[in-house]
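Chemist: Provide a 3D model corresponding to the input given below.
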Amino acid sequence: MDQAWILFSIALAAAYAALLGAYCRGWQALPRWQLPEGFRPRTRISVIVAARNEAANIGACLDSIAGGDYPPAMLEIIVVDDFSTDDTAAIVAQRAGRLQNGARLRLIRLAEALQAGRVFNAYKKIAIETAIARASGELIVTTDADCLAPPGWLRLIASVYETAAPKAIAAPVVFHREKNLLQRFQALDFLGMMGVTGAGIRLGWQRLGNGANLAYPKTVFEAVGGYGDDGRASGDDLFLLQKIARRWPEGVFFLKNADSAVYTEAPAGWRDFFRQRLRWGTKNAALPEAGPKIALLAVFLFCCSAGMNLASAAAGWAPGWLPAVQLAVKAVCDAVFLRELCRFFGRKDLMRAFVPAFFIHLIYIVSVGTASLMLRRYTWKGRQVR
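Modeler: Okay, here's the model as predicted:
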């Protein structure tokens, strides 16, 4: 095997170790947010849920939001039905008006709000923009229709907004109710993503977030021009956060508190998992910030080289110690980082799936990373997306 390739492979392993070490230190340095003693929220909040074919989930989602401890008089929930072909809109319409605790619920049918016959690519972004234009709340909070919110969710977000005055708040999203190995892998992987998100914001390298648990003042959304007509179906969360960060570099805040996490279920099958991650991956190359692109590229190249060296060693074309060293570096770094995240979110049980999840992650990074660079069309919730 070429000496230059061996040195390159070792350099990639060193870069991966340095990257994970930095993320681990960044997460540990990020202060845990505590609800101020005696805090009484003063902010009117509009929670926006864009829903497409979520009849099985939307009822529980709305109940969890309305059942929280945020004052109902200061809470508005807006559901935007994105051309659902099931009973999503009907379920929301039955609850429209005021929910049992007095919170206001509104339904917007995107089919009625948009110009008839016009075809879009970024339907979710248009749904959220439509809701924000009609929202009465000072603070916009977005979540997904398949998520469940904990009781103190909005109170914690409001406490950050009123105390620290950030321009955007990224909060955790966590998987739960795992039934198989694939879901446990995704739960571990997602905890890692939360760690990377919080650490990246703390270190100032990158401003990432998840639209299932994101908050920002309505005035900030309007000041940056909303999402803009970028034509991308995905990335409503990342591109908006990075637009905000360009104008207010220190304005993005990560809410490090396990009680602020919303919960959702991971795809149970490989096909749905691949489609979901492909949808997420197609936007990575277009991210405006250099930090996340460099990090993603380093991880992708490292996993590719480890896979190639493992195959080459099995065929007798490469020394066996090379992939062994690379895999050992990855295993140690991943285990240290994920153990810290599992402890923080109370999911130490997930570490029992670490060994098989480790190899799934290696294959996933290579396969989905490659596919996201090559494929330009995919299907999501029955809709062909470019």
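Chemist: now the end-to-end length of stretch 286-295.
Modeler: End-to-end span of stretch 286-295 (Cα to Cα, to the nearest Å): 14 Å.
Chemist: ignore the last one, stretch 140-148
Modeler: Per Cα to Cα, the first residue of stretch 140-148 is 17 Å away from its last.
Chemist: where in the chain is pLDDT low?
Modeler: Scanning the chain for pLDDT under 70 picks out 1, 115-121, 229-234, 285, 376-382, 384-386.
Chemist: give me the distance between the nearest residue to Ile65 once chain neighbours are set aside and Ser260.
Modeler: Among residues not flanking Ile65 along the chain, Ala149 sits closest, at 5.1 Å (Cβ to Cβ, 6 or more residues apart in numbering). All C-beta spots, glycine's among them, are computed from the backbone N, C-alpha and C. Distance, Ala149 to Ser260, by Cβ to Cβ, to the nearest Å: 9 Å.
Chemist: Phe239 now?
Modeler: Distance, Phe239 to Ser260, by Cβ to Cβ: 23 Å.
Chemist: compare neighbour counts for those two and give me the winner.
Modeler: Between Phe239 and Ser260, counted using other Cβ atoms under 10 Å, Ser260 has the larger neighbour count: 24 against 19.
Chemist: how close does the more buried one get to Arg339?
Modeler: According to Cβ to Cβ, Ser260 and Arg339 sit 21 Å apart.
Chemist: for Thr163, same thing?
Modeler: Thr163 is 31 Å from Arg339, where distance means Cβ to Cβ.
Chemist: who has more neighbours out of those two?
Modeler: Arg339 (16 against 12).
Chemist: ok now stretch 263-272, how far from the chain's centre?
Modeler: Offset of stretch 263-272 from its chain centre (Cα atoms, centre = their mean, to the nearest Å): 14 Å.
Chemist: over to stretch 176-188?
Modeler: Distance of stretch 176-188 from its chain centroid, counting by Cα atoms, centre = their mean, is 16 Å.
Chemist: cool, and stretch 21-39?
Modeler: On Cα atoms, centre = their mean, the centre of stretch 21-39 falls 18 Å from the chain's centre.
Chemist: stretch 303-322 now?
Modeler: Centre-to-centre, stretch 303-322 and its host chain are 33 Å apart (Cα atoms, centre = their mean).
Chemist: how about it: buried residues?
Modeler: Residues of stretch 303-322 classed as buried by neighbour count (16 or more other Cβ atoms under 10 Å): Cys303, Cys304, Ser305, Ala306, Gly307, Met308, Asn309, Leu310, Ser312, Ala313, Ala318, Leu322.
Chemist: distance to Val329 and secondary structure added to the residues you listed, as JSON lines?
Modeler: Output for the buried residues of stretch 303-322, formatted as JSON lines (distance: Cβ to Cβ, whole Å; DSSP: H, G, I helix; E, B strand; the rest coil):
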{"residue": "Cys303", "distance to Val329": "12", "secondary structure": "helix"}
{"residue": "Cys304", "distance to Val329": "15", "secondary structure": "helix"}
{"residue": "Ser305", "distance to Val329": "11", "secondary structure": "helix"}
{"residue": "Ala306", "distance to Val329": "9", "secondary structure": "helix"}
{"residue": "Gly307", "distance to Val329": "14", "secondary structure": "helix"}
{"residue": "Met308", "distance to Val329": "16", "secondary structure": "helix"}
{"residue": "Asn309", "distance to Val329": "12", "secondary structure": "helix"}
{"residue": "Leu310", "distance to Val329": "13", "secondary structure": "helix"}
{"residue": "Ser312", "distance to Val329": "18", "secondary structure": "helix"}
{"residue": "Ala313", "distance to Val329": "16", "secondary structure": "helix"}
{"residue": "Ala318", "distance to Val329": "16", "secondary structure": "coil"}
{"residue": "Leu322", "distance to Val329": "11", "secondary structure": "helix"}
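Chemist: nearest to Arg275, of those residues?
Modeler: Of all the buried residues of stretch 303-322, the one sitting nearest Arg275 is Cys303; the distance, using Cβ to Cβ, is 20.5 Å.
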